[in-house]
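A.B. asks: here are the coordinates; sequence isn't available:
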């Protein structure tokens, strides 16, 4: 059990803790390519076990397979649209989860809810960890919320983000990789952009870097596994509940937004609602509703 993350090691199927790596998502992707693809649960669950031993994973006791990689530094850390993520040792939470996802989820209308599920799990985990540590908000408006589709925000400032990627395993299963970056111990001067923040700028007291990283990773692992198991068991019912929850937790809904679509088109308007496929509906200035399924969405000053 890695001494740097004992809480997390106790709740995931396998774990790798490193000082430095190019990218935790890339590391997981490479490890998945080397394994036996006949059993997705065993492949993912035994990813970092001794000698890549798939027999080390026991689905009867471990639940949904889950492996995690975390590093003090990522030399090629990236976010959505290939953006880099500024990081130095002891400042940021940087980790990636690999979990199996059944192909019907990927091929149906529920696929958009995978990233949203990860975002809600991380939001819930952060709130629990801060409460357990006795951390108090430094400002009246330090509540954490979600900006569509994949960012953690505090009062209009970016705290962290989630990058989701897929790796095909076999005809029944793929692996989804959730890469998470959170600004933990960064001063205002060290933040990469003006509209960013960190946990130390918003909450006090906080435990040290390794303990806080371990607490967040462990809590997020438990929340993510529980939410995904429920999603796979009852996609329609769970997504209906997720829609209500996400709408309540959204920083985006009701605000003026600018959506840069993959096609190069720009959509300007007010974020009206989130649809049942997790897409964002924007009411444009000409009164026309536009649906945004993928793209970079920024919240504009009022």
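C.D. replies: That came through, no problem. Remember, predicted model here, so these are calculated numbers, not experimental data.

A.B. asks: Looks to me like residue 64 is in a strand.
C.D. replies: No: counting by DSSP: H, G, I helix; E, B strand; the rest coil, residue 64 is not found in a strand; it is coil.

A.B. asks: how about it, what does it touch?
C.D. replies: 41, 99, 100, 225, 228, 229, 232 (CB atoms under 8 Å, 6 or more residues apart in numbering). In this view, the C-beta of every residue, glycine as well, is placed from N, C-alpha and C.

A.B. asks: where do the strands sit along the chain?
C.D. replies: 14-21, 67-74, 92-102, 136-137, 144-147, 151-154, 157-168, 173-183, 203-204, 256-260, 266-274, 280-284, 289-292, 296-299 (DSSP state E).

A.B. asks: Adding distance to residue 45, write the ones you listed out as JSON lines.
C.D. replies: Shown next, in JSON lines, are the strands of the chain (distance: least, CB to CB, whole Å):
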{"stretch": "strand 14-21", "distance to residue 45": "7"}
{"stretch": "strand 67-74", "distance to residue 45": "7"}
{"stretch": "strand 92-102", "distance to residue 45": "9"}
{"stretch": "strand 136-137", "distance to residue 45": "38"}
{"stretch": "strand 144-147", "distance to residue 45": "28"}
{"stretch": "strand 151-154", "distance to residue 45": "27"}
{"stretch": "strand 157-168", "distance to residue 45": "15"}
{"stretch": "strand 173-183", "distance to residue 45": "11"}
{"stretch": "strand 203-204", "distance to residue 45": "34"}
{"stretch": "strand 256-260", "distance to residue 45": "38"}
{"stretch": "strand 266-274", "distance to residue 45": "32"}
{"stretch": "strand 280-284", "distance to residue 45": "34"}
{"stretch": "strand 289-292", "distance to residue 45": "35"}
{"stretch": "strand 296-299", "distance to residue 45": "34"}
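
A.B. asks: Could you identify the least confident member of the contacts of residue 64?
C.D. replies: Looking at pLDDT alone, these dip lowest at residue 41, where the score is 93.

A.B. asks: what's around that one, how many residues?
C.D. replies: Residues within reach of residue 41, counting by other CB atoms under 10 Å, total 21.

A.B. asks: Touching, it and residue 66? I think so.
C.D. replies: No: between residue 41 and residue 66 there is no contact under CB atoms under 8 Å: 10.0 Å.

A.B. asks: circling back: ok, of the strands of the chain, where does mean pLDDT dip lowest?
C.D. replies: strand 296-299 (a mean of 91).

A.B. asks: and that one, which strands flank it?
C.D. replies: Strand pairing for strand 296-299, using DSSP bridges, gives strand 256-260 (antiparallel).

A.B. asks: Could you give the separation of the partner strand from the chain centroid?
C.D. replies: 21 Å (CA atoms, centre = their mean, to the nearest Å).

A.B. asks: mind listing what's buried in that strand?
C.D. replies: Residues of strand 256-260 classed as buried by neighbour count (16 or more other CB atoms under 10 Å): 256, 257, 259.

A.B. asks: Stretch 23-42 too?
C.D. replies: Result for stretch 23-42 [16+ other CB under 10 Å]: buried residues 23-29, 31-32, 35, 39-42.

A.B. asks: Just the closest of these to residue 135, please.
C.D. replies: Nearest to residue 135 among these: residue 24, at 25.3 Å, using CB to CB.

A.B. asks: picking up where we left off before, which one of the buried residues of strand 256-260 is nearest residue 130?
C.D. replies: The closest of the buried residues of strand 256-260, once distances to residue 130 are taken by CB to CB, is residue 257, at 27.8 Å.

A.B. asks: Tell me who's in contact with the closest one.
C.D. replies: 267, 268, 269, 270, 271, 280, 282, 297, 298, 299, 300.

A.B. asks: Show the buried residues in those residues.
C.D. replies: Of the contacts of residue 257, these count as buried by 16+ other CB under 10 Å: 267, 269, 270, 271, 280, 282, 297, 299.

A.B. asks: Between the buried residues of strand 256-260, which sits nearest residue 115?
C.D. replies: residue 259 (16.1 Å).

A.B. asks: Which strand residues bridge that closest one?
C.D. replies: residue 267, residue 297.

A.B. asks: Surely it and residue 294 touch.
C.D. replies: No: counting by CB under 8 Å, residue 259 stays clear of residue 294, with 9.6 Å between them.

A.B. asks: returning to what we had before: tabulate the buried residues of stretch 23-42 in TSV, adding columns for distance to residue 161.
C.D. replies: As requested, the buried residues of stretch 23-42 are exported to TSV (distance: CB to CB, whole Å):
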residue	distance to residue 161
23	14
24	14
25	12
26	17
27	18
28	17
29	18
31	23
32	22
35	28
39	32
40	26
41	28
42	30
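
A.B. asks: Can you tell me the number of residues neighbouring the residue lying closest to residue 202 once chain neighbours are set aside?
C.D. replies: Once flanking residues are discounted, residue 202 sits nearest to residue 142: 4.3 Å by CB to CB, 6 or more residues apart in numbering. Neighbour count for residue 142, taken as other CB under 10 Å: 19.
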